[in-house]
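A.B. asks: This is a predicted model, with the sequence first.
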Amino acid sequence: MVHPVSRRIAAVERDLERRGFTLESGEAATTAVDGPADLTGVDAPLHVVHLVDGTPLTIVSAIANAAHEGRIPLLVADRWTHEETRDVLAPPFLLAGRRDGARAFYTIEDRIRLSDDSFACVGSHGRMEWSEAATDSDDPKLHLDVGGETVAIFDSVDELCCPGPEPTAFEYRYNRGDDRKLPGCHRIRLTPPIW
């Protein structure tokens with residue numbers, strides 16, 4: 001018996017081949033190359049990946065992995081994860097709800113990649129909290145406070161999107177595989193604004 005997930009992926013792959021794409025199979029995903037750019041409006045390969053669930057972390061990871069490889073994510077969801085996935089992807093991205101004029105976003109465990117491919121960290125101890133400035137704007141300023149001290153301010157939550165903030169947005173940063181211990185440097189877990 002063919003698993004429903006396999007049938008769904010196979011149907012998507014057949015459709016891409018009919019559109020002129022060449023498929024390259026990989027461990028985690030299939031890459032579709034040399035197809036028409038008018039499908040996405042961007043001349044880049046597609047990263048076809050089945051979502052194993054509809055959690056925000058799974059969805060964001062799939063999108064981030066594709067973007068990091070210079071590919072456009074093509075997410076394949078089954079009927080059980082389809083609605084969850086649409087809710088997470090609907091603009092503004094990762095919005096969980098609103099209360100008293102403030103927006104709440106799904107919490108995900110991820111690092112803040114800066115535009116130079118390093119990662120942000122902070123030199124303060126205490127609880128990390130993201131908050132939006134009270135305003136009538138659809139894109140209010142975003143603050144990161146650590147232990148009651150503001151350590152970063154962004155014009156809007158959009159500044160956390162690819163390619164990420166400039167390295168100067170944070171006092172401290174680190175590189176993947178960097179074994180140096182930075183004094184007082186605590187890695188940030190990206191937790192979008194909460195109520």
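C.D. replies: It's in. Owing to the predicted nature of the structure, the values given are computational and were not obtained by experimental measurement. Residues are numbered from 1 along each chain as shown.
A.B. asks: Just give me the residue closest to the centre of this protein.
C.D. replies: With distances taken as C-alpha atoms, centre = their mean, Val60 lies nearest the centre of the chain, 3.8 Å away.
A.B. asks: which of the residues in stretch 15-27 are buried?
C.D. replies: Leu16, Phe21, Leu23 (16 or more other C-beta atoms under 10 Å). Quick note: C-beta positions are derived from backbone N, CA and C, even for glycine.
A.B. asks: Could you do stretch 88-104 as well?
C.D. replies: The neighbour-count check on stretch 88-104 (16+ other C-beta under 10 Å) flags Val88, Phe93, Leu94, Leu95, Ala96, Arg103, Ala104 as buried.
A.B. asks: Most widely separated two among the residues you listed?
C.D. replies: Within the buried residues of stretch 88-104, Val88 and Arg103 form the most distant pair, 14.1 Å apart (C-beta to C-beta).
A.B. asks: quick one on the thing from earlier: mind putting the buried residues of stretch 15-27 into JSON lines with secondary structure, distance to Ala44 and pLDDT?
C.D. replies: Shown next, in JSON lines, are the buried residues of stretch 15-27 (DSSP: H, G, I helix; E, B strand; the rest coil; distance: C-beta to C-beta, whole Å; pLDDT from 0 to 100):
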{"residue": "Leu16", "secondary structure": "helix", "distance to Ala44": "14", "pLDDT": "92"}
{"residue": "Phe21", "secondary structure": "coil", "distance to Ala44": "12", "pLDDT": "92"}
{"residue": "Leu23", "secondary structure": "strand", "distance to Ala44": "15", "pLDDT": "91"}
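A.B. asks: got those residues as TSV, with distance to Gly164 columns?
C.D. replies: As requested, the buried residues of stretch 15-27 are arranged in TSV below (distance: C-beta to C-beta, whole Å):
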residue	distance to Gly164
Leu16	30
Phe21	29
Leu23	30
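A.B. asks: where does this protein dip in pLDDT?
C.D. replies: Low-confidence segments of the chain (pLDDT under 70): 1-5, 99-102, 104-111, 124, 162, 176-195.
A.B. asks: Helices of that one, start to end?
C.D. replies: 4-18, 56-68, 82-89 (DSSP state H).
A.B. asks: angle of the second one against helix 82-89?
C.D. replies: Orientation of helix 56-68 against helix 82-89 (axes from the mean of the first three to the mean of the last three C-alpha atoms, to 10 degrees) gives an angle of 70 degrees.
A.B. asks: For helix 56-68, buried residues please.
C.D. replies: In helix 56-68, counting by 16+ other C-beta under 10 Å, buried: Pro56, Thr58, Ile59, Val60, Ser61, Ala62, Ile63, Ala64, Ala66, Ala67.
A.B. asks: those strands in the protein, which residues are they?
C.D. replies: 22-25, 30-33, 46-50, 72-76, 95-99, 102-105, 119-122, 128-132, 142-146, 149-154, 172-174, 186-187 (DSSP state E).
A.B. asks: want to throw those into JSON lines with distance to Ala11?
C.D. replies: Listed next are the strands of the chain as JSON lines, based on distance: least, C-beta to C-beta, whole Å:
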{"stretch": "strand 22-25", "distance to Ala11": "13"}
{"stretch": "strand 30-33", "distance to Ala11": "13"}
{"stretch": "strand 46-50", "distance to Ala11": "11"}
{"stretch": "strand 72-76", "distance to Ala11": "9"}
{"stretch": "strand 95-99", "distance to Ala11": "30"}
{"stretch": "strand 102-105", "distance to Ala11": "33"}
{"stretch": "strand 119-122", "distance to Ala11": "38"}
{"stretch": "strand 128-132", "distance to Ala11": "39"}
{"stretch": "strand 142-146", "distance to Ala11": "40"}
{"stretch": "strand 149-154", "distance to Ala11": "41"}
{"stretch": "strand 172-174", "distance to Ala11": "43"}
{"stretch": "strand 186-187", "distance to Ala11": "41"}
